[in-house]
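S.K.: Fold the following and give me the result.
(2 chains)
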Amino acid sequence: MTGTLVANEIRRLRFERGGMTQQALADACGVTRQTIIALEAGRYAPSLELAFRIADALGTRIEEVFQWNKGK
Amino acid sequence: MAAFSPRNRLIACLALAGIGLALFFGGDYRDIPGLSGNFPVGWLGTCLFVAAVWFCVDLIHRIPHSDEEAAIAPGEWQAWVGIAFVGAVLVATILKMHLFLPEVPIGRNPDTNAAGRSIGTLFVAWLVLVHVLKKRWAGTVLEDERDTRIQLSAGQWGRCATAFCVIAIALLLGFSPTERLREFSYPYIAQLLMQALLWGLWFEQVAAAVLYWRDRRAAA
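M.R.: This next block holds a predicted model:
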């Protein structure tokens, strides 16, 4: 897995929502904690379904969590 | 009692597993001074290895989950375990290749039968270990879409490795002089094809472990 053009604000949003742990977010989305770590590090672009699940778990809209860096 | 803590006992069991593997690779029968007749060293090594792996698994259950362990995905653990076991099987098959040279069906050759049993035991030990590790992770997500994507990439590398080995065997058989070809028995060629499959499987495990490790290292 190489770097991705899809940037995200998962880490910031986790802390804004009372310091939600990576494990708690992983459990809420049905993925491993290592996948959340890879997402936050920008090493992995999630599927559309997982992106929606993450946004739902963070209580926000998908475009607030993920941005596409098309100019990168 | 730090000396007898589960972690120290695990290290001791891993050392015993290593000794078992060394005996396993050492040969099937050996003369031991003071003991009459040939001693079934290879068989004893297999038993010691399987028993040590079994106790390792039991001890792994007793050791509390550490931060280091939690940082590694279940898929990555399985890939590293796969590298070790398939690697051991590969080394064993390479060391026992000469047993397949006689033009005797594998079923009627006691040497190849013994080699097959030992290698089969390693495969069974691998399956048991993976099964028990999955039980240790019970209640957690074992696999998600990232694992599936890594497995896909690793599978492609594995297929490439298998294809490369099959081409190598085809070239070997196709371009060897007739005198050399006479040395290759049918059981030997069958074993070469099995080697190609094993190399593919091993390469797949290596690719998966490297992909997981690269992700983990970049995220650290």
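
S.K.: Next to chain B, which bits of chain A? Give me the list.
M.R.: Selection of chain A residues close to chain B by CB under 8 Å from any CB of the partner chain yields A:1, A:3, A:26-27, A:30-35, A:37-38, A:40-41, A:43-44, A:46-47, A:50. No exception for glycine: its C-beta is placed from N, CA and C like everyone else's.

S.K.: Up against chain A, what does chain B have?
M.R.: So chain B meets chain A at B:70-76, B:140-147, B:149-150, B:153, B:211-212, B:214-216, B:218-219 (CB under 8 Å from any CB).

S.K.: For chain B, give me the ranges with low pLDDT.
M.R.: B:1-3, B:26-38, B:57, B:60-70, B:220 (pLDDT under 70).

S.K.: longest single helix anywhere in chain B?
M.R.: The helix that spans the most residues within chain B, counting by DSSP state H, is helix B:186-219.

S.K.: In terms of secondary structure, what does that helix contact?
M.R.: Here helix B:186-219 touches helix A:33-40, helix B:74-95, helix B:145-175, going by 3 or more CB pairs under 8 Å, 6 or more residues apart in numbering or on different chains; DSSP states H and E.

S.K.: moving C-terminal of the last one, what's the next helix or strand?
M.R.: The first helix or strand that comes after helix B:145-175 along the chain, using DSSP states H and E, is helix B:178-181.

S.K.: List of residues touching that following helix?
M.R.: residue B:173 (CB atoms under 8 Å, 6 or more residues apart in numbering or on different chains).

S.K.: And that helix, what's buried?
M.R.: By neighbour count with 16 or more other CB atoms under 10 Å in any protein chain shown, helix B:178-181 contains no buried residues.

S.K.: that older thread, for the longest helix of chain B, list every residue counted as buried.
M.R.: Within helix B:186-219, the residues scored as buried using 16+ other CB under 10 Å are B:187-188, B:191-192, B:195-196, B:198-212, B:215-216, B:219.

S.K.: Now do the phi/psi pair for residue B:182.
M.R.: Dihedral pair for residue B:182: phi -60, psi -20, per degrees, to the nearest 10.

S.K.: Against chain A, how distant is it?
M.R.: Plainly put, residue B:182 is 49 Å away from chain A if you go by CB to the nearest CB, to the nearest Å.

S.K.: what about that residue, distance to residue B:101?
M.R.: 11 Å (CB to CB, to the nearest Å).

S.K.: More neighbours: which of the two?
M.R.: residue B:101 (14 against 10; other CB atoms under 10 Å in any protein chain shown).

S.K.: so what's the more buried one up against?
M.R.: Contacts of residue B:101 (CB under 8 Å, 6+ apart): B:183, B:185, B:187-188.

S.K.: Closest one of those to chain A?
M.R.: The shortest gap between chain A and any of these belongs to residue B:188, at 40.2 Å (CB to the nearest CB).

S.K.: quick one: contacts for residue B:13?
M.R.: Contact analysis of residue B:13 by CB under 8 Å, 6+ apart lists B:52, B:55-56, B:59.

S.K.: Show me the residues you listed that map onto helices.
M.R.: Filtering the contacts of residue B:13 for helices - DSSP H - leaves B:52, B:55-56, B:59.

S.K.: Let's have the residues you listed in CSV, adding distance to residue A:8.
M.R.: Output for these, formatted as CSV (distance: CB to CB, whole Å):
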residue, distance to residue A:8
B:52, 44
B:55, 44
B:56, 39
B:59, 39
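
S.K.: neighbour-wise, which of the residues you listed leads?
M.R.: That'd be residue B:52 among the ones in helices among the contacts of residue B:13, by other CB under 10 Å, with 21 neighbours.

S.K.: That one: what's it in contact with?
M.R.: Contact analysis of residue B:52 by CB under 8 Å, 6+ apart lists B:13-14, B:16-17, B:20.

S.K.: didn't residue B:126 look like it was pressed against residue B:81?
M.R.: Yes. The pair formed by residue B:126 and residue B:81 meets the contact definition of CB atoms under 8 Å, at 7.1 Å.

S.K.: quick one on the thing from earlier: buried ones only from the residues of chain B next to chain A, please, as a PyMOL command.
M.R.: Selection command for PyMOL covering only the buried members of those, criterion 16+ other CB under 10 Å:
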select buried, chain B and resi 73+74+75+76+141+144+146+147+150+211+212+215+216+219
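
S.K.: Noted, bye for now.
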